[in-house]
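In: Got a predicted model here, sequence first, then my questions.
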Amino acid sequence: MNAKRLWAMMLCCAGLLTGMAVGAAAGELTGRQIMENVDKATKASDTSQIISIVVERGDQKLSRRVRGLNKKTPWGEKDLMTFELPEDVKNIKYLTWNYTDPAQRDDMWVYMPSEKLVRRISGGGMKSVFMRSDLYNEDMKTVNLDDDDYELLRSEKCGEATCHVVQRVKKDQSDTNYARRVVWVREDIWQPVKVEYFDKKNRLVKTAHMGGFQNIQGYWTRTKMLVTPTHGQSRTILLFSEIQYDLGLADELFEHAELTK
């Protein structure tokens, strides 16, 4: 065998070994690392969007329009939701401070314009139903990575993509309705496409499906979400529009003293 042929064979083998190493490394992602990739997929400093919420219950349909703002901080994230329609809920506001430190409980306040009153929602209040929907107050706030423990259950095909199926269990079970959540994450865009929620008796209570993904300002973004409780008597649809990132939102917007203004 001449030297050139031997060298070509060595390069080919090296390439195969490198490919195998990369594949092995990709396969060794932990549940925590997968959810870290989800966090990294949206690195925007802040976000503004319109959230249209429709609750269907039998022949009844309840609609809400909400302006949602989010801002990242050195210690966590702040979320502000302001109801714009209909008139009976106009200017109701929810403000949440989500702390990265798991030892510090998240803060949530609600402003009721009819009472001209700002109320702090305590840990137990996080488990209350959010505005007559199939969501709880805890579903409307950012979940920090360090709040949960993770386990990669499996990887499987989901449509044309591959999904990693990760179980999340909240470390502090005192202010949550869920014993665990199982999340399907698309590997190609690192976005959740499905979440199953289990109660403290380990019963599946509802499922959320995310879709309508768009690349907005370089960030893959879901524009639709459907929440269906297991009882089948209702469903909640969320549509996200007018999505903008990196606006430089003022810190003052997220102060609880500003809620009454």
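Out: That came through, no problem.
In: Look at Ser174 and say how many residues are nearby.
Out: 10 (other CB atoms under 10 Å). For every residue, glycine as well, the C-beta is placed using N, CA and C.
In: The one 10 residues further on too?
Out: By the other CB under 10 Å criterion, the neighbourhood of Trp184 contains 21 residues.
In: which residues touch it?
Out: By CB atoms under 8 Å, 6 or more residues apart in numbering, Trp184 lies in contact with Cys158, Cys163, His164, Val165, Pro192, Val193, Lys194, Val195.
In: What's the first helix or strand after the helix-or-strand element of the chain with minimal mean pLDDT?
Out: One helix or strand of the chain scores below all others by mean pLDDT, DSSP states H and E: helix 3-27, with a mean of 39. Following helix 3-27 in sequence order, the next helix or strand is helix 31-41 (DSSP states H and E).
In: what comes up buried for that next one?
Out: Gly31, Arg32, Ile34, Met35, Val38 (16 or more other CB atoms under 10 Å).
In: a markdown table for these, including distance to Arg222 and pLDDT?
Out: What follows is the buried residues of helix 31-41, written out as a markdown table (distance: CB to CB, whole Å; pLDDT from 0 to 100):
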| residue | distance to Arg222 | pLDDT |
| --- | --- | --- |
| Gly31 | 21 | 97 |
| Arg32 | 22 | 97 |
| Ile34 | 17 | 97 |
| Met35 | 16 | 96 |
| Val38 | 12 | 96 |
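In: between those residues, which is nearest Val66?
Out: Relative to Val66, the closest of the buried residues of helix 31-41 is Val38; by CB to CB it sits at 23.0 Å.
In: wouldn't the closest one be in contact with Glu187 here?
Out: No. Here Val38 lies out of contact with Glu187, judged by CB atoms under 8 Å, at a distance of 10.6 Å.
In: Restricted to strands, list the contacts of Trp184.
Out: Cys158, Cys163, His164, Val165, Pro192, Val193, Lys194, Val195 (DSSP state E).
In: mind putting those residues in JSON lines, distance to Trp97 included?
Out: Formatted as JSON lines, the ones in strands among the contacts of Trp184 follow (distance: CB to CB, whole Å):
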{"residue": "Cys158", "distance to Trp97": "34"}
{"residue": "Cys163", "distance to Trp97": "32"}
{"residue": "His164", "distance to Trp97": "30"}
{"residue": "Val165", "distance to Trp97": "31"}
{"residue": "Pro192", "distance to Trp97": "23"}
{"residue": "Val193", "distance to Trp97": "28"}
{"residue": "Lys194", "distance to Trp97": "28"}
{"residue": "Val195", "distance to Trp97": "23"}
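In: Most neighbours among these, which one is it?
Out: His164 (23 neighbours).
In: Great, nothing more from me.
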